[in-house]
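Chemist: Please find the sequence and the predicted model below.
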Amino acid sequence: MAEEIVDGKIKVRGVFMKEKGLIQIYTGNGKGKTTAALGLALRAAGRDKRILMVQFMKKWDYGELHSIKKIPQITIKTFGTKDFVHKGKAKEIDYQEAEKAFKEGTEGVLSGKYDIVIFDELNVALDFDLLKADEVVKFLKDKPEDVEIIITGRNAPAELIELADLVTEMREIKHPFQKGIEARIGIEY
């Protein structure tokens, strides 16, 4: 089979082939879930893939917001408030922001504009009952076949884990917070 790669796409016998988009989950109590998703986005951007990252519950000044501006293939949109959301004590605005974020992500998946859509901290929004897992599962089952979906956040629900093609659990063994070291600019945010 005569195969070549042109602009990051596979061409077989003169015809561009669509790759199957998988569902990946990065979960667990360890550090690095968003970082792993950003690493994947960086790799994909290097192959001219188009990426949308929708961040749930992250309306802070994270370093990736500054870097992403320099990479035209990656679009990042943040939702939430600057207030910390406490499980079981969410405010109406937290539900509204989660709905907006999910809508933005689903529209991105369906738009045909993106090869990869990252739902950053979606698992946390589900764990905090800001969204319903059955709604997310239904959407994922019906997603376009050629769009890769990345979902991050602690406490991924069993329904999503079952549906996913790849699940990686980041497990905390040791963390600088345990020594009283605060979050550092450019490292944790």
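Modeler: Sure, I can see it.

Chemist: For the longest helix seen in the chain, give me every contacting residue.
Modeler: Assignment by DSSP state H gives helix 92-111 as the longest helix of the chain. For helix 92-111, the external contacting residues (Cβ atoms under 8 Å, 6 or more residues apart in numbering) are 52, 54-57, 59, 77, 79-81, 85, 114, 117, 119, 122, 125, 128, 130-131, 135-136, 139, 143-144, 147, 149. Backbone N, C-alpha and C define where each C-beta goes, glycine included.

Chemist: from the residues you listed, which ones fall inside helices?
Modeler: Using DSSP H, the contacts of helix 92-111 in helices are 122, 125, 135-136, 139.

Chemist: right, and the pair among those with maximum separation?
Modeler: A125 and F139 (13.6 Å; Cβ to Cβ).

Chemist: Neighbour count for those two, which is higher?
Modeler: A125 (27 against 15; other Cβ atoms under 10 Å).

Chemist: Quick check: that one vs A156, distance?
Modeler: 11 Å (Cβ to Cβ, to the nearest Å).

Chemist: repeat for K132
Modeler: Relative to A156, and taking Cβ to Cβ, K132 is found at 15 Å.

Chemist: Between these two, which has more neighbouring residues?
Modeler: A156 (24 against 11).

Chemist: For that one, give me its contacts.
Modeler: 25, 27, 123, 126, 167.

Chemist: where does the chain have low pLDDT?
Modeler: Across the chain, the ranges flagged by pLDDT under 70 are 1-18.

Chemist: quick one: the strands in the chain?
Modeler: All strands of the chain, identified by DSSP state E, fall at 3-6, 9-12, 15-16, 23-27, 51-55, 74-78, 116-120, 148-152, 166-169.

Chemist: Let me have the ones in helices among the contacts of helix 92-111 in JSON lines, adding distance to R184 as columns.
Modeler: Shown next, in JSON lines, are those (distance: Cβ to Cβ, whole Å):
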{"residue": "L122", "distance to R184": "26"}
{"residue": "A125", "distance to R184": "26"}
{"residue": "E135", "distance to R184": "36"}
{"residue": "V136", "distance to R184": "33"}
{"residue": "F139", "distance to R184": "36"}
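
Chemist: Neighbours of the nearest residue to N155 once chain neighbours are set aside, how many?
Modeler: Distances taken as Cβ to Cβ, 6 or more residues apart in numbering put D127 closest to N155, at 4.1 Å, once the chain neighbours are dropped. Neighbourhood size, D127 [other Cβ under 10 Å]: 18.
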